[in-house]
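S.K.: Everything below, folded, please.
(2 chains)
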Amino acid sequence: MRHLLSLLAALAVAALALPTLAQPQPGPLLRFSGQLLDVRGGYVYFTTGDAFKVVDNVRLADYDTGKPTTLQPRAKLFARAVFDPATKQVVELDLTAHRVAPDTAYQAVKAYAVAKSTVQPAPEIVGIPLTGKEVPVSFVVTVPPTTPLGSDVYISTDASGWNPQAIKLDRIDGARYRAVRRFASGTKFVFRVTRGSWNSVERNESGLEPAPHPFFVRETDAQSASVTVYSWSDDRPNAPQAAPGAIPTPFNPNPFPQGGIAPAPRVTPPGGFPTARPNPFPNRPPGG
Amino acid sequence: MRVAALIALVCAFVASAMTCAAAAPPTSLDVTAKQVEYFSNRFIVTADGNVRVRLSDGTVVRGQTFAMDLKLNRYLIAGDVRLDGPAVHEVGAGFAGYPDLDRSYFLPAAGTPDRWTYFGTDWAHPQLGREQPGDAFFIPDLSAERPYIYANGVRIIPKTDALFDVARVRTAGVFLPVPRYVVNFSPNSHFYENAFAGARLDVGVPFNGSEHSLSALHVRNDAFNGTYLAFDQHFVWEHDYLVASVDPLTQEQRQYNLVGFKKLSPNLEARFFGQLSQAQAGIINRPDNAAGFFEIQLNAALRHSGLSYTQDNYYQYLLGIAPNDPDLFRHREHPTNGLLSWTGNETYLGRGSRLRYRLRSGIGFAHDVNGEGGYPNLQPGPPDSVYHFAGATLYAPVIPLPHQFSLSLSGDKQRTWFSVPHHVDLSDARASISRTDVRLHLNYYLAYETRSTGDYWGGQQLAAYPAAGDVIVTPFGTYTGQSAFRGFATSRSISTALVYTPTPYFALNLGLARFYDSPAPVPGAYGQPPVQFTGDLRVRLAKQVQLDLTRSYYFNFANERWTPQFGIQFSP
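M.R.: As a prediction, this is how the structure comes out:
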């Protein structure tokens, strides 16, 4: 009798256990965190461009507490998608508005991404591995030898809104100025060399205005941009300044302008020239 | 048969025209949303809530959020995306535009997800499954940034500007409302050419713009006019530009300026500057007085040199003068001057030599029937003056020496001959030795320079520079020996500077210069302080903010020690 009862009990336990054994064993759940683009048509789309199938009764939870949330999935929110490896579907979305750390499981779940078409290569997409790390860029500008020692020289870039005094350079010897700035790798900009205003900018060897210098920050430890300035736009030997009343001018070739290093000549005409009129000064234009 | 051929030809032409049109990327994006924001530090425009983006071909993309990186020239619309146009009606999760690649990337969500690529604006033929950039749908992280502009809508012209409607612009920490505000982010620097005179303060409010134009109102302040409004209008092409300005707009004495630049060929360019100065009670009133100044300059590149011609024209009385005005006899005066100059290219003195030289020469004239403003010592000057000059620069930019030292040498000499019989000699010689200590992040140099100016009148020397007035009295004292000046001056200087840059975020530049000038400087009259010290400290306070502090010390020359104030500049 005892044996019979034992056999019956064993059969009962086996009968209870059999359905469980028949079901597939749940594997470890996979998790992937990222920023949402949309949840639409039974799929969740991440900013990687990948779409994953979502189960009908997907659980929405708070990313931090794991409790149910009132947040609804939408663009810009961050989410942790919990995958069932057996079905390759998302069974839970943990939502949050704050940025979350990237999940290392992306490569594991990428195989779960759904796409109707097979991938076709696009030759126009040229991959350059760029991490955005900061790269020190050294600007070295060789100036004309006649540039005064105390002159300030600047770099102006399109990234600074063409501020003519965007990056101030330091004179390092009789011919060169230098400054070092950090830029993220992949940064692309154009620049010009000025003396602090757009009235005094670099000219090329022929005296023409050069095109802005393009620069691309590569994925490297350090970079250098070297430019030679042959003359400045306001360097015009013996030419008058582009403003009325400026001195010296050909009308007034005074080699010792006021404020210069020597006194102006006295106003005493040598013989042989007409005497001064009572009012020798022209009626200056307003504001001139 | 002919008709059929004609129809076929027309059809082929129309088809090719449509193909051409379809291949072009959108030339503008009109964005409306509940909230549009602009982040100036990152050149990024975002929009959220009921986003509607109308592309220049009429296609409309709707979604929940929008982001565009103006510098990278790419944009994204995400969340409940609807793509509608004459040839397309699609629902999707994301739409990314890459005008530079002439591609648009789309994630359709109507059925099974997929990746589609549109070529140009050919919306009828998506390329299914074509590879897309890995970060095409990335939304920029702006959590650490503060918006510079809030607006209701924006019209973006790629690579040029963004026009914000009903904008609130952050100014000194406060968001000021303006009906419209334009952010120009063009890589073309000609948008920033200036046609204004100098001012102590200038705040520009650009309010209109297009691919080739920019209009701006400016609030300016200067010592003469006080605070006033000014206006400028820019027209810009790839190589050419035209800038017109009215400055001031709200004061009686105003200037109308016009600046132009035209690259006529790769080796020839022309510049123009025109200025009309008026005393005018109101902007539409007849002016009481007017004068003009116009300058034209032509620059040409020759085989191994450059040629330049500059001409200035002055119009002192544009409105005539009353019959009883003592200046009546001068009302037709029209001073003018011109200069043709030639500059040779950099040439090595010999094979293997480090020395280089550049030659220059030129001829010029000046004409003023009344000799207006003539020689200070020859009032009035002659009506016509012709001059020519020749000069050369000999230099060795950087000669490496042992122990990280280097040597730079340069010498410059020029002589100018005038038709009024005298000539002026200018000379400048400079030698500097410098050293870079990479380990200590130090760089320093020592330079010696001598400059001289001589005005040679031959037998008329004493007449041109007569021995009169030996004493000069200024608020800073009485100075004698002035009569010794005969038209010759020299300036010798020893300068040294030290630059310490331990990191790219910190720079300290200390400079000291000692000048030995003859004649000696007279405080309050002429000359420069014999000893000058300058300190310049630059510290990067934040990613986009750098503080630049400069101050000079003049060792009590003209009772001046430290310069009156610190020079402080914040820059990105």
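S.K.: any idea how far the nearest residue to B:Val522 once chain neighbours are set aside lies from B:Arg103?
M.R.: The shortest distance from B:Val522 to any non-neighbouring residue, by CB to CB, 6 or more residues apart in numbering or on different chains, is to B:Tyr479 (4.8 Å). The C-beta positions use only the backbone N, C-alpha and C, and glycine is treated the same way. Distance, B:Tyr479 to B:Arg103, by CB to CB, to the nearest Å: 75 Å.
S.K.: Give me the more crowded residue out of the two.
M.R.: Per other CB atoms under 10 Å in any protein chain shown, whichever of B:Tyr479 and B:Arg103 has more neighbours is B:Arg103, with 23 against 18.
S.K.: who's B:Pro108 bridged to?
M.R.: Here B:Pro108 sits in beta bridges with B:Gly92, going by DSSP bridges.
S.K.: That one: neighbouring residues, count only.
M.R.: 24.
S.K.: Test my guess that it contacts B:His89.
M.R.: No - counting by CB atoms under 8 Å, B:Pro108 stays clear of B:His89, with 11.3 Å between them.
S.K.: ok so, going back, now do the contacts for the residue nearest to B:Val522.
M.R.: B:471-473, B:522, B:525 (CB atoms under 8 Å, 6 or more residues apart in numbering or on different chains).
S.K.: from memory A:Ala61 sits against A:Ala81, does it?
M.R.: No - contact criterion CB under 8 Å: A:Ala61 and A:Ala81 do not qualify, at 11.3 Å.
S.K.: Settle it for me: which of those two has more neighbours?
M.R.: Neighbours per residue, other CB under 10 Å: of A:Ala61 and A:Ala81, the larger number sits with A:Ala81, 26 against 20.
S.K.: so the more buried one makes contact with A:Gln89?
M.R.: No - using CB under 8 Å, A:Ala81 makes no contact with A:Gln89, being 9.7 Å away.
S.K.: between these two, what contacts are shared?
M.R.: A:Phe52.
S.K.: related to what we said a few turns ago, report pLDDT for the residue nearest to B:Val522.
M.R.: Looking at B:Tyr479, its pLDDT reads 87.
S.K.: and what of A:Pro278?
M.R.: On the pLDDT scale, A:Pro278 is placed at 31.
S.K.: Same question for B:Ala542.
M.R.: 74.
S.K.: how near is it to B:Arg146?
M.R.: As judged by CB to CB, B:Ala542 and B:Arg146 stand 11 Å apart.
S.K.: List phi and psi for B:Asp232.
M.R.: Here is the backbone geometry of B:Asp232 (degrees, to the nearest 10): phi -140, psi 150.
S.K.: Show the contacting residues for residue 30.
M.R.: Going with chain A. By CB under 8 Å, 6+ apart, the neighbours of A:Leu30 are A:82-83, A:85, A:105, A:108-109.
S.K.: if you could check chain B rather than the one you did, that'd help
M.R.: Per CB under 8 Å, 6+ apart, neighbours of B:Asp30: B:53-54, B:153-156.
S.K.: now that we have the residues you listed, which one has the most neighbours?
M.R.: Highest neighbour count within the contacts of B:Asp30: B:Val154, with 28 neighbours (other CB under 10 Å).
S.K.: all helices for the stretch 1-150 of chain B, in order.
M.R.: Here the stretch 1-150 of chain B has its helices, by DSSP state H, counting those that start in this stretch, at B:2-23.
S.K.: Get me the contact residues on it for chain A.
M.R.: B:43, B:48, B:63-65, B:71, B:78-81, B:91, B:93-94, B:101, B:103, B:105, B:107, B:109-115, B:117, B:127-134, B:136-139, B:141, B:143 (CB under 8 Å from any CB of the partner chain).
S.K.: ok, of those residues, which come out buried?
M.R.: With burial judged by 16 or more other CB atoms under 10 Å in any protein chain shown, the buried subset of the residues of the stretch 1-150 of chain B next to chain A is B:43, B:48, B:63-65, B:71, B:78-81, B:91, B:93-94, B:101, B:103, B:105, B:107, B:109, B:113-115, B:117, B:127, B:129-133, B:136-139.
S.K.: Go through those residues and flag which are in strands.
M.R.: B:48, B:63-65, B:78-81, B:91, B:93-94, B:103, B:105, B:107, B:117, B:127 (DSSP state E).
S.K.: Next, count neighbours for A:Val180.
M.R.: By other CB under 10 Å, neighbour count at A:Val180 equals 20.
S.K.: what sits against it?
M.R.: Contacts of A:Val180 (CB under 8 Å, 6+ apart): A:136-139, B:501, B:504.
S.K.: can you pull the contacts of residue 59?
M.R.: No chain in the question, so chain A it is. Counted by CB under 8 Å, 6+ apart, A:Arg59 has contacts A:68, A:91-93.
S.K.: hmm, I had chain B in mind actually
M.R.: B:26, B:83-86, B:88, B:121, B:123.
S.K.: Between these, identify the one with the most neighbours.
M.R.: Within these, most neighbours by other CB under 10 Å means B:Leu83, with 25 neighbours.
S.K.: Tell me how far A:Arg195 lies from B:Pro179.
M.R.: Taken as CB to CB, the span from A:Arg195 to B:Pro179 is 37 Å.
S.K.: Give me the more crowded residue out of those two.
M.R.: A:Arg195 (23 against 9).
S.K.: so that one makes contact with A:Ser231?
M.R.: No - in this structure, A:Arg195 is not within contact of A:Ser231 by CB under 8 Å, at 11.4 Å.
S.K.: Can you give me the neighbour number for A:Ser206?
M.R.: Counted with other CB under 10 Å, A:Ser206 comes out at 22.
S.K.: quick one, phi psi at it?
M.R.: phi -90, psi 0.
S.K.: so who does B:Arg354 touch?
M.R.: Here B:Arg354 is in contact with B:396, B:399 (CB under 8 Å, 6+ apart).
S.K.: mind running it again at 10 Å?
M.R.: B:348, B:395-400, B:407, B:409 (CB atoms under 10 Å, 6 or more residues apart in numbering or on different chains).
S.K.: pLDDT value on it, please?
M.R.: B:Arg354 is given a pLDDT of 87.
S.K.: From B:Arg430, how far out is it?
M.R.: B:Arg354 is 16 Å from B:Arg430, by CB to CB.
S.K.: and if you look at B:Val154?
M.R.: In terms of CB to CB, B:Val154 sits 53 Å off from B:Arg430.
S.K.: Wait, B:Phe191 touches B:Asp161, no?
M.R.: Yes - with contact defined as CB atoms under 10 Å, B:Phe191 counts as touching B:Asp161 (8.3 Å).
S.K.: Give me the common contacts of the two.
M.R.: B:184-185, B:206, B:209, B:213-214.
S.K.: Need the max-distance pair from these.
M.R.: B:Phe185 and B:Ser213 (15.0 Å; CB to CB).
S.K.: mean confidence for stretch B:417-425?
M.R.: 87.
S.K.: Need the CA coordinates for it. PDB is fine.
M.R.: The C-alpha trace of stretch B:417-425 is given here as PDB (Å, rounded to 0.1, in the frame of the first residue of the first chain):
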ATOM      1  CA  TRP B 417      60.800 111.800 -54.300                       C
ATOM      2  CA  PHE B 418      58.300 114.600 -54.500                       C
ATOM      3  CA  SER B 419      57.900 117.200 -57.300                       C
ATOM      4  CA  VAL B 420      58.200 119.900 -54.700                       C
ATOM      5  CA  PRO B 421      61.900 119.400 -54.400                       C
ATOM      6  CA  HIS B 422      62.500 117.200 -51.400                       C
ATOM      7  CA  HIS B 423      62.600 113.500 -50.700                       C
ATOM      8  CA  VAL B 424      61.700 111.400 -47.700                       C
ATOM      9  CA  ASP B 425      63.700 108.300 -46.600                       C
END
